[in-house]
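# Structure for the following, please:
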Amino acid sequence: MLFLNRLPRLHHPLLKHRRFALASHDRFFLVIETNDPKYRDTETRQLLESAGSRRIEMVED
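Numbers count the residues shown, from 1 in each chain. The predicted structure is shown next:
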């Protein structure tokens, strides 16, 4: 089960992002992986904006 879920994942690009250190102060982070075949950049951004997102950032490897 751990192997199929690729756990433990010891590295994630988000861990290096400067705003990640503020997660407890800024409430939470929402991560949407772009490797999902149903992912669409503009539709996802519009959804997050309509939900009241304060900050939307793209974090790349």
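# neighbours around the closest residue to Y39 other than its chain neighbours, how many?
In this structure, Y39 finds its nearest non-sequential neighbour in I32, 7.0 Å apart by Cβ to Cβ, 6 or more residues apart in numbering. For every residue, glycine as well, the C-beta is placed using N, CA and C. Using other Cβ atoms under 10 Å, I32 has 12 neighbouring residues.
# center of this protein, which residue is that?
Most central in the chain under Cα atoms, centre = their mean is V31, positioned 1.8 Å from the mean C-alpha point.
# That one - nearest residue in space that isn't next to it in sequence?
Spatial nearest neighbour of V31, chain neighbours left out: L14 (6.1 Å); criterion: Cβ to Cβ, 6+ apart.
# Please name the residues that touch that neighbour.
Listed by Cβ atoms under 8 Å, 6 or more residues apart in numbering, the contact set of L14 reads 20, 29, 31, 59.
# just R55 next, same as before
Residues in contact with R55 (Cβ under 8 Å, 6+ apart) are R19.
# need the contact list for R45.
R45 makes contacts with I56, as judged by Cβ under 8 Å, 6+ apart.
# Next up, identify which helix or strand it is on.
Assigned by DSSP states H and E, R45 belongs to helix 41-50.
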